[in-house]
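K.L.:
Predicted structure and sequence below. I'll ask about it afterward.
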Amino acid sequence: MNKEILLKNILVSEWIFFKSVKSIKGKEPCQKDMATFLNSRLSYWSIYNENILKSYLFDLELAKSQDRNLITEKYAYMMKETDYLYYKEIENFLPIVDSEKSSLVNSILNIHIFWEEELVSSHSNLLDNSRNLYKNTLLPSILTYFRS
């Protein structure tokens, strides 16, 4: 499978998961904006090589076969930092993140932090409307998004 097909399959899978996420408030407006979602996710995934894309697509397909929604799980894990009391109510419904996976996420996160800090120092004007790297403001931080 070439990179273009991998990206297409990832984006379609993510969109299906994303639009079926159930928020506390019901459907969010962004869940009806497929074009923006696909452009955003294409921008994100297009930097990765085929091996990473194949691995992620496998994870998406495995999750689907297990009736899991990785996007729902991601947002649920984010609640640990954005709405801790609600997170405690749903925590038992989420897969447990073992220490090996947590360590791997933190290692990858450190690489992303380095990239983000370089981008901020060299092209801060491009990031005026982006999420804050470290702290949650009106939007969850980049760290919160990535770590979850």
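P.N.:
The structure has been received and is ready for your questions. Remember, it's a predicted structure, so these values are computed and weren't measured experimentally.
K.L.:
Relative to K27, how far out is the residue sitting furthest away from the middle of the chain?
P.N.:
Here the chain reaches farthest from its C-alpha mean at S122, the gap being 24.6 Å by CA atoms, centre = their mean. According to CB to CB, to the nearest Å, S122 and K27 sit 38 Å apart. Every residue, glycine included, has its C-beta placed from N, CA and C.
K.L.:
Now name the helix or strand holding the residue farthest from the centre of the chain.
P.N.:
Using DSSP states H and E, S122 maps to helix 99-123.
K.L.:
and that helix, what other elements does it pack with?
P.N.:
Here helix 99-123 touches helix 142-147, going by 3 or more CB pairs under 8 Å, 6 or more residues apart in numbering; DSSP states H and E.
K.L.:
Rounded mean pLDDT for the helix it packs on, please.
P.N.:
For helix 142-147, the mean per-residue pLDDT is 69.
K.L.:
Can you give me the domain assignment for the chain?
P.N.:
Using automatic domain parsing, the domain parsing of the chain gives 1-67, 97-148.
K.L.:
Can you tell me which of these has the worst average pLDDT?
P.N.:
Among the domains of the chain, domain 97-148 has the lowest mean pLDDT, at a mean of 77.
K.L.:
Next, count neighbours for D59.
P.N.:
Around D59 there are 14 other residues, counting by other CB atoms under 10 Å.
K.L.:
Can you tell me how far it is from I96?
P.N.:
Using CB to CB, D59 is found at 17 Å from I96.
K.L.:
What of E4?
P.N.:
Here E4 is placed at a distance of 36 Å from I96 (CB to CB).
K.L.:
the helices in the protein, which residues?
P.N.:
Secondary structure of the chain by DSSP state H: the helices cover 3-19, 34-45, 50-65, 70-82, 84-90, 99-123, 142-147.
K.L.:
which other helices and strands contact the first one?
P.N.:
Based on contacts counted as 3+ CB pairs under 8 Å, 6+ apart, the elements that helix 3-19 packs against are helix 34-45, helix 50-65, helix 70-82.
K.L.:
Out of these, which one sits most buried?
P.N.:
helix 70-82 (a mean of 18; mean count of other CB atoms under 10 Å).
K.L.:
roughly how far is it from the heart of the chain?
P.N.:
A distance of 9 Å separates the centroid of the chain from that of helix 70-82, by CA atoms, centre = their mean, to the nearest Å.
K.L.:
Good, wrapping up.
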